[in-house]
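S.K.: The following comprises the amino acid sequence and a computationally predicted model.
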Amino acid sequence: MQGVVPASTRDPYRGVVLLLAAAALLGGACAAVGGIELVNPTLLDLALLLGVAMAILTGVALAQDSRAAPVEGSAVEAMEPPSQAAAISDRPPSETQPPEVAMAAPEEPSPSAARLWLKTAPSQLTKPFAGRFRDIGTLDGIRLGAGMVGTLGALLLMTATFSLGRPSGKGIVLVAAACLAAAGLAAMVARYLAALDAAELPEAFGLARAARLVAWIFAAAAMATGLAGLGQQAAARALHLLVLGVIAVVCFSMVATRRRPGESDRVFPLDLAVLSTLGSRVNVIASVLDAAERQLGIDLRSTWALTVVRRGVEPLLIALALLGWLSTSLTVVHLDEEGLVERLGVARGGQPLQPGLHLHWPWPWDRVFRLPVRQVQALTVGHEGEEAGGPEDVLWARVHAANEYTLLLGNGRDLITVDAAVQFRIRDARTWHYGCQNPADALRAIAYRAVMRSTVNRTLDQALSENMMAVTGRMRAMIQQEADGMRLGVEVMGFTVGGMHPPVLVAPDYQAVVSAELGKVTAAVTAQAYRNETVPAADAEVIGRLNTARAEGADALARAAGGAWSFRALESQYRAAPKDYFFRRRLETLEKGLASRHFVIVDSRIQRDGGELWLTP
């Protein structure tokens, strides 16, 4: 049981606890950012661990504040006479109870069994949880909250899937060095806390155990980072799961552990079984043996089993080393491979090793080089480095790899970038391995020469508009011919061009030029369309107006001719009988003037017949 510091003095280690909490917060933030940026699950494990450590240190700091404050009622209890306290404790229970409790309640009729079950069922169901979470203080709340959140975070990281890639050398060295440095600092903190007096800092012993465990976890994280850099993803993931398992057990024990009877509520509870088992000593194995000895009451270090193991460990290690050395005399050649044997640096004659298990002299006498002769391989042309993962970006104006090369075309002014690949198969394993020191680089150089020969006498427009099937066929033939001349022992299966485009650096300018060319062509086509639409319409209008004028002229001429013939006819009539012509014309005029009017004709016959006509105003 952890002790309690007197509340009369200020805790001298408050600054140490706050400094450790700040360091845990900063380290957790850095680990979280690094884990997200580098997609490193081990760094996310460390971020979760440091987050839980920060919560624990925060609880310890609050416990220090609680112990620094005076306890309410402590002075009154000290001034109370012992006899009075003894008298109170010697009273009968009925006298010490409040009056309302001591008074007998009136009897009620006994309820039925169903009503009694309905009344007591909720309390019976919540009793296990109510006993655990009743009267939770601030320190216990921090402990339970940190344990729950840590357990949930560990489970989420266990079930999460990460697309682990092989990190760069600088990233491996940086992360591993940071983890080892943090492990060293945690070990120094554990040694410092273990030397403190429990009377001044009751949580010092538990914090020392936790610091030792944190140091081992950081060391495991550094080892996992190194294994990931070497390509051992399975071992790195195993260490990742082991670290997460330890964190989950620690967090779950924080939730499941109860305070001991009589333990002060001003001390943050750190007496966890997992910390006692793994962090009691610097040596984890010795700490586990101590925990087993405490639980079983048996000194496992003096048992006969350990004695036998100690005596047989050296012969066992020698036998394992000898067995491992002899295992180098066995080589398994896969179905798509052939093996070449070198004895003391000299190639052995005969046929290459075929698929199956083969026995030879162990290392360093014999070495076997396995070559994938039945596998189609590919070499990139035009760039170096791996392209980014995910869906392929087909836009040529974006960089697809770390180094993209540009080729100078025949006119000396245009540059072009080629994204191509050579597919080949090793036809003769011995010729491929011994005919050239670096056959893959030689084949890539041959492919570059073929590309240069196919594009050097062309302009950019010609290279981009040429038939790719014919170009790739010619390039494949050239590559195969030069590879046979260099005795590389390969068969070129194909040459594919993924894209030919201007350099990415001049993409904005090239796109501007292409846009201007397209604008020029568009403007010319628009003008031609307008011309084709306007000129025929104008021609049709001219023809229409000309025909209309001709029709109007013919009509006017016809009317003039008709009028002339009519005048001539009248002239002939006048010349034949002038009086009759004038009389007829007079009558026609009267007829036109008197049309649609009422009138009476009076001539000289009315007077002759004896009639008279009087006109009055």
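M.R.: Sure, I can see it.
S.K.: CA only for contacts and neighbour counts going forward, please
M.R.: OK.
S.K.: Now do the strands in this protein.
M.R.: Using DSSP state E, the strands assigned to the chain run over residues 330-333, 338-343, 346-347, 356-359, 366-371, 377-381, 383-384, 403-404, 407-408, 415-426, 490-501.
S.K.: Now do the phi/psi pair for the closest residue to residue 428 other than its chain neighbours.
M.R.: Closest residue in space to residue 428, ignoring its immediate chain neighbours: residue 489 at 4.8 Å, by CA to CA, 6 or more residues apart in numbering. When read as degrees, to the nearest 10, the backbone of residue 489 gives phi 70, psi 40.
S.K.: sorry, back to before: looking at the strands of the chain, spot the one closest to residue 440.
M.R.: Checking those against residue 440 by CA to CA gives strand 377-381 as the closest, at 7.8 Å.
S.K.: Give me the contacts around that closest one.
M.R.: Defining contact as CA atoms under 8 Å, 6 or more residues apart in numbering, one finds that strand 377-381 is touched by 418-425, 440, 444, 447-448.
S.K.: List the buried residues for it?
M.R.: For strand 377-381, the neighbour count (16 or more other CA atoms under 10 Å) marks 378-381 as buried.
S.K.: re earlier: how close does the residue nearest to residue 428 get to residue 334?
M.R.: 20 Å (CA to CA, to the nearest Å).
S.K.: can you check residue 244 too?
M.R.: As judged by CA to CA, residue 244 and residue 334 stand 37 Å apart.
S.K.: Might you report the residue contacts of residue 172?
M.R.: By CA under 8 Å, 6+ apart, the residues touching residue 172 are 225-226, 229.
S.K.: So it versus residue 226, what's the distance?
M.R.: Distance from residue 172 to residue 226, by CA to CA: 6 Å.
S.K.: now swap in residue 607 and tell me
M.R.: Applying CA to CA, the value for residue 607 to residue 226 is 155 Å.
S.K.: For those two, indicate the residue with more neighbours.
M.R.: Higher neighbour count among residue 607 and residue 226: residue 226, with 19 against 11, using other CA atoms under 10 Å.
S.K.: who's in contact with the more buried one?
M.R.: 172, 176.
S.K.: Quick check: pLDDT value at it.
M.R.: Looking at residue 226, its pLDDT stands at 83.
S.K.: Could you do the one 5 residues further on as well?
M.R.: Per-residue confidence for residue 231 comes out at a pLDDT of 71.
S.K.: And for it, the neighbour number?
M.R.: 15.
S.K.: Distance check, it against residue 202.
M.R.: Counting by CA to CA, the gap from residue 231 to residue 202 is 45 Å.
S.K.: farthest pair in the contacts of strand 377-381?
M.R.: Across the contacts of strand 377-381, the longest distance by CA to CA is 22.5 Å; it joins 418 and 425.
S.K.: Surely residue 223 touches residue 176?
M.R.: Yes. Here residue 223 lies in contact with residue 176, judged by CA atoms under 8 Å, at a distance of 7.4 Å.
S.K.: When those two are compared, which one has more neighbours?
M.R.: Using other CA under 10 Å, the more surrounded residue of residue 223 and residue 176 is residue 176, with 21 against 18.
S.K.: Contact partners for the more buried one?
M.R.: Contacts of residue 176 (CA under 8 Å, 6+ apart): 221-223, 225-226.
S.K.: follow-up on the earlier one: in CSV: the buried residues of strand 377-381, plus distance to residue 27 and pLDDT.
M.R.: Shown next, in CSV, are the buried residues of strand 377-381 (distance: CA to CA, whole Å; pLDDT from 0 to 100):
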residue, distance to residue 27, pLDDT
378, 44, 84
379, 43, 82
380, 41, 78
381, 44, 77
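S.K.: Let me know the closest of these to residue 519.
M.R.: Nearest to residue 519 out of those is residue 381 (CA to CA; 34.4 Å).
S.K.: Show me what the closest one is bridged to.
M.R.: With DSSP bridges applied, residue 381 shows beta-bridge pairing to residue 420.
S.K.: and residue 46, how many neighbours?
M.R.: Neighbour count of residue 46, defined by other CA under 10 Å: 27.
S.K.: residues in contact with it?
M.R.: Residue 46 touches 28, 31-32, 218, 221, counting by CA under 8 Å, 6+ apart.
S.K.: Give the other helices and strands that the top helix by length along the chain contacts.
M.R.: What stands out as the longest helix in the chain, according to DSSP state H, is helix 507-576. For helix 507-576, the packing partners by 3 or more CA pairs under 8 Å, 6 or more residues apart in numbering; DSSP states H and E come out as helix 578-593.
S.K.: Report all helices and strands that the helix it packs on contacts.
M.R.: helix 507-576.
S.K.: Would you check how far apart residue 61 and residue 422 are?
M.R.: Distance, residue 61 to residue 422, by CA to CA: 65 Å.
S.K.: How about residue 455?
M.R.: Distance from residue 455 to residue 422, by CA to CA: 17 Å.
S.K.: Between these two, which is the more surrounded one?
M.R.: Between residue 455 and residue 422, counted using other CA under 10 Å, the more crowded position is residue 422 (22 against 19).
S.K.: so where is the stretch 251-400 of the chain shaky, pLDDT-wise?
M.R.: Applying pLDDT under 70 to the stretch 251-400 of the chain picks out residues 262-263, 296-310, 383-400.
S.K.: measure residue 195 to residue 18 for me?
M.R.: Taking CA to CA, one finds residue 195 at 18 Å from residue 18.
S.K.: Which of those two has more residues huddled nearby?
M.R.: Shown here are residue 195 and residue 18; by other CA under 10 Å, residue 18 has more neighbours (16 against 11).
S.K.: excluding its backbone neighbours, what's nearest that one?
M.R.: residue 61 (6.9 Å).
S.K.: which residues touch that neighbour?
M.R.: Residue 61 touches 14, 17-18, counting by CA under 8 Å, 6+ apart.
S.K.: quick revisit: among the contacts of residue 46, which ones are in helices?
M.R.: Using DSSP H, the contacts of residue 46 in helices are 28, 31-32, 218, 221.
S.K.: Looking at those, spot the one nearest residue 328.
M.R.: Among the ones in helices among the contacts of residue 46, and counting by CA to CA, the member closest to residue 328 is residue 221, at 31.0 Å.
S.K.: Now for the closest one, how many residues are close by?
M.R.: Neighbours of residue 221 (other CA under 10 Å): 27.
S.K.: show me what contacts it?
M.R.: Residue 221 neighbours (CA under 8 Å, 6+ apart): 42-43, 46, 176, 179, 239-240, 243.
S.K.: Now do residue 353 against residue 362, distance only.
M.R.: Taking CA to CA as the measure, residue 353 falls 16 Å from residue 362.
S.K.: Which of the two has more residues huddled nearby?
M.R.: residue 353 (19 against 16).
S.K.: Surely that one touches residue 342?
M.R.: No. At 11.7 Å, residue 353 does not count as touching residue 342 under the criterion of CA under 8 Å.
S.K.: Domain ranges for this protein, per the record?
M.R.: As recorded under automatic domain parsing, the domains making up the chain are 14-68+138-302, 328-371, 377-386+397-502, 510-588.
S.K.: Any figure for the gap between residue 253 and residue 373?
M.R.: Where residue 373 is concerned, residue 253 sits at a distance of 56 Å (CA to CA).
S.K.: what do you get for residue 340?
M.R.: Distance from residue 340 to residue 373, counting by CA to CA: 12 Å.
S.K.: Name the residues contacting each of these two.
M.R.: residue 429.
S.K.: got the buried residues for stretch 282-297?
M.R.: For stretch 282-297, the neighbour count (16+ other CA under 10 Å) marks 282, 284, 286-291 as buried.
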